[in-house]
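J.: Mind looking at a prediction? Sequence and model below.
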Amino acid sequence: MNLKKNKILLIESVFSKNISLSVQLTDSPPYLIRKIEWEKNGGDFSEFEAIEPLVSLKQSLNLALKALPFDFPDDYLDFSSLSPKEITVLHALKSVPCGKTVSYQELTQIAGLTPSHARFIGNVMAKNPFLLLFPCHRVIQKNGSLGNYSGGGQEIKKILL
C-alpha cells in the first residue's frame, strides 16, 4: 500500500452521554478516508474534509486533539466492553508521555501486572475503543520493533510515532 497516494478518514469511536469522537483508520484501498466528529449536547463540533497526503495525518490529529478536553472523567466513557483489568491497562497507558514509547512488558509493570501478561496487554491494545484518549500506538515490542496496530497497521503506527 502506497500511503502517500491514499486519503484518510478518522471514523468514530463512541463515548457515552452524547459525546462521540473517533480516530480509527479503515483500510479500504485505494483510499483511507478521514473524518472527526465530536457531538456534545446534540451539537456537531466539526467535520473535516478528506485530506491528502497521508503525512498530514499527524497535523490533523494534533488539531483535533487541541479541540478536546482531555480531563474526561471516566463516567463519560463507555467501558462496558472492557473488563476492570483491561480498564486498568488503558489508564496505565495514559502515563506514557507523547513522543515516548513503552514495550508491552513495560506496560505490564506500569499497570501493576506481571511480565507474563504482555500478551494480555497486546489484546487490550487491539480492542482499545478510545484511540485518542488511550494512545495504544505508543506500545511497541521489547526488541524495539513496532508490533501490530489495529488502527491501520504498522505504516500508520510509524507515522503516529
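T.: Cool, got the structure.
J.: can you map out the strands along this structure?
T.: 13-14, 20-21, 39-40, 43-44, 102-103, 139-140 (DSSP state E).
J.: Mind checking the pLDDT average for the first one?
T.: Per-residue pLDDT values across strand 13-14 average out to 34.
J.: next one: the second one
T.: Here the mean pLDDT over strand 20-21 is 40, rounded to a whole number.
J.: ok, now the last one?
T.: Model confidence over strand 139-140 averages 91 on the pLDDT scale.
J.: From the contact counts, what lies against that strand?
T.: Judged by 3 or more C-beta pairs under 8 Å, 6 or more residues apart in numbering; DSSP states H and E, the packing partners of strand 139-140 are strand 102-103, helix 104-110, helix 118-126. Just so you know, the C-beta spots here come from the backbone N, C-alpha and C atoms, and that holds for glycine as well.
J.: Touching the shortest one from outside, list them.
T.: By that I understand strand 102-103. 93, 96, 110, 118, 138-142 (C-beta atoms under 8 Å, 6 or more residues apart in numbering).
J.: now the helices and strands packed on strand 139-140 as CSV including mean pLDDT and mean neighbour count?
T.: Converted to CSV, the helices and strands packed on strand 139-140 look like this (pLDDT from 0 to 100; neighbours: other C-beta atoms under 10 Å):
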stretch, mean pLDDT, mean neighbour count
strand 102-103, 94, 18
helix 104-110, 95, 19
helix 118-126, 92, 18
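J.: Take these and write them to JSON lines, including distance to residue 149.
T.: Formatted as JSON lines, the helices and strands packed on strand 139-140 follow (distance: least, C-beta to C-beta, whole Å):
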{"stretch": "strand 102-103", "distance to residue 149": "14"}
{"stretch": "helix 104-110", "distance to residue 149": "13"}
{"stretch": "helix 118-126", "distance to residue 149": "8"}
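J.: Of all these, which one is nearest residue 80?
T.: When the helices and strands packed on strand 139-140 are ranked by distance to residue 80, counting by C-beta to C-beta, first place goes to helix 118-126 at 15.1 Å.
J.: How about the contacts made by residue 141?
T.: Residue 141 touches 103-104, 147, counting by C-beta under 8 Å, 6+ apart.
J.: what about 10 Å?
T.: If a contact means C-beta atoms under 10 Å, 6 or more residues apart in numbering, then residue 141 has 101, 103-105, 118, 122, 147-148 as its contacts.
J.: which one of those sits closest to residue 133?
T.: Nearest to residue 133 among the contacts of residue 141, with distances taken as C-beta to C-beta, is residue 101, at 17.6 Å.
J.: was I right about that closest one contacting residue 137?
T.: Yes: applying C-beta atoms under 10 Å as the test, residue 101 and residue 137 come out as touching, 8.7 Å apart.
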